[in-house]
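Engineer: Here you go, sequence then predicted model.
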Amino acid sequence: MSSTSIDDLLGSYEEGPARAERPRGGRVRRVLRTLAVTAAVVVVLVAGLRAVGLRVSLVVLVAGVLAVLAVRRVTAGLAPSSPPRAGTRTFTGDGPAPRDAVRTAINGWEVPLDWAANRPERFTEVILPRLGDLADERLRLRHGLNRDSDPVRARALLGERLWTFLETPPRRTPPPRDLAAIVAELEKI
């Protein structure tokens with residue numbers, strides 16, 4: 001039996017508000033900075049290796065330094081934010097937010113749920129299909145079926161409340177308490 005949780009099934013949200021454009025040259029600046037750091041590290045490495053009488057191919061050194069920088073960048077993006085130390089400032093919304101994978105996953109749902117709070121059509125067009133996809137994925141992983149392939153068995157496994165919620169779009173956006181109950185029922189599948 002699979003131990004997949006709802007969190008594992010959360011995907012990135014494709015639709016979103018217009019994102020603030022990055023300042024021009026942001027990517028170019030990042031590439032130039034990476035090249036400058038790479039050149040500086042390679043120069044230090046070449047000087048250090050020659051001082052001890054070793055010679056290594058310049059291509060190998062550059063590739064090694066770029067690999068280390070790439071791994072550092074990836075791990076920095078995946079690392080959870082550390083709790084603030086005493087005497088340090090906490091994030092107040094000014095400037096870039098610290099990267100946190102859990103916060104990113106939560107925001108993937110928080111933003112569309114906020115949009116749907118006052119517009120029920122957004123809920124039925126955006127959130128409800130994603131909840132249905134989650135239910136289908138849970139059914140597929142745990143029972144080898146989905147709502148389309150075996151609706152009678154899927155209805156029995158989902159329960160009447162969850163089945164009705166997924167099949168009959170609500171006229172208004174459900175309150176957070178109801179959504180929490182729906183997610184809890186999805187977790188039980």
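Structural biologist: Structure's in. What do you need?
Engineer: now the helices for this protein?
Structural biologist: Taking DSSP state H as the criterion, the chain carries its helices at 6-9, 26-51, 58-78, 101-116, 120-122, 128-143, 151-158, 160-167, 176-188.
Engineer: Mean neighbour count and mean pLDDT added to the ones you listed, as CSV?
Structural biologist: To be clear about C-beta, it is placed using only N, CA and C from the backbone, and glycine gets the same treatment. Listed next are these as CSV, based on neighbours: other Cβ atoms under 10 Å; pLDDT from 0 to 100:
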stretch, mean neighbour count, mean pLDDT
helix 6-9, 13, 54
helix 26-51, 12, 91
helix 58-78, 12, 89
helix 101-116, 15, 62
helix 120-122, 14, 75
helix 128-143, 17, 87
helix 151-158, 16, 92
helix 160-167, 16, 89
helix 176-188, 13, 83
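Engineer: For Gly48, give me its contacts.
Structural biologist: Shown here is Gly48, which makes no contacts under the criterion Cβ atoms under 8 Å, 6 or more residues apart in numbering.
Engineer: From Val42, how far off is it?
Structural biologist: Distance, Gly48 to Val42, by Cβ to Cβ, to the nearest Å: 11 Å.
Engineer: mind giving me the domain ranges of this protein?
Structural biologist: By the record's domain assignment, the chain is partitioned as 26-78, 100-188 (automatic domain parsing).
Engineer: so Ala154 touches Arg142, yeah?
Structural biologist: No - in this structure, Ala154 is not within contact of Arg142 by Cβ atoms under 8 Å, at 11.3 Å.
Engineer: Output stretch 42-62 as PDB - backbone C-alpha positions only.
Structural biologist: What follows is stretch 42-62 as a C-alpha-only set of coordinates in PDB (Å, rounded to 0.1, in the frame of the first residue of the first chain):
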ATOM      1  CA  VAL A  42      39.800  29.000 -10.900                       C
ATOM      2  CA  VAL A  43      42.600  31.500 -10.700                       C
ATOM      3  CA  VAL A  44      43.100  30.800  -7.000                       C
ATOM      4  CA  LEU A  45      43.000  27.000  -7.600                       C
ATOM      5  CA  VAL A  46      45.600  27.300 -10.500                       C
ATOM      6  CA  ALA A  47      47.900  29.400  -8.400                       C
ATOM      7  CA  GLY A  48      47.600  27.100  -5.400                       C
ATOM      8  CA  LEU A  49      48.100  23.900  -7.500                       C
ATOM      9  CA  ARG A  50      51.100  25.400  -9.200                       C
ATOM     10  CA  ALA A  51      52.600  26.400  -5.900                       C
ATOM     11  CA  VAL A  52      52.600  22.800  -4.800                       C
ATOM     12  CA  GLY A  53      53.900  21.600  -8.200                       C
ATOM     13  CA  LEU A  54      50.600  20.200  -9.600                       C
ATOM     14  CA  ARG A  55      49.100  20.900 -13.000                       C
ATOM     15  CA  VAL A  56      45.400  20.200 -13.800                       C
ATOM     16  CA  SER A  57      43.600  20.900 -17.000                       C
ATOM     17  CA  LEU A  58      41.900  24.200 -17.000                       C
ATOM     18  CA  VAL A  59      38.700  22.700 -18.500                       C
ATOM     19  CA  VAL A  60      38.500  20.200 -15.600                       C
ATOM     20  CA  LEU A  61      39.000  23.000 -13.000                       C
ATOM     21  CA  VAL A  62      36.300  25.200 -14.700                       C
END
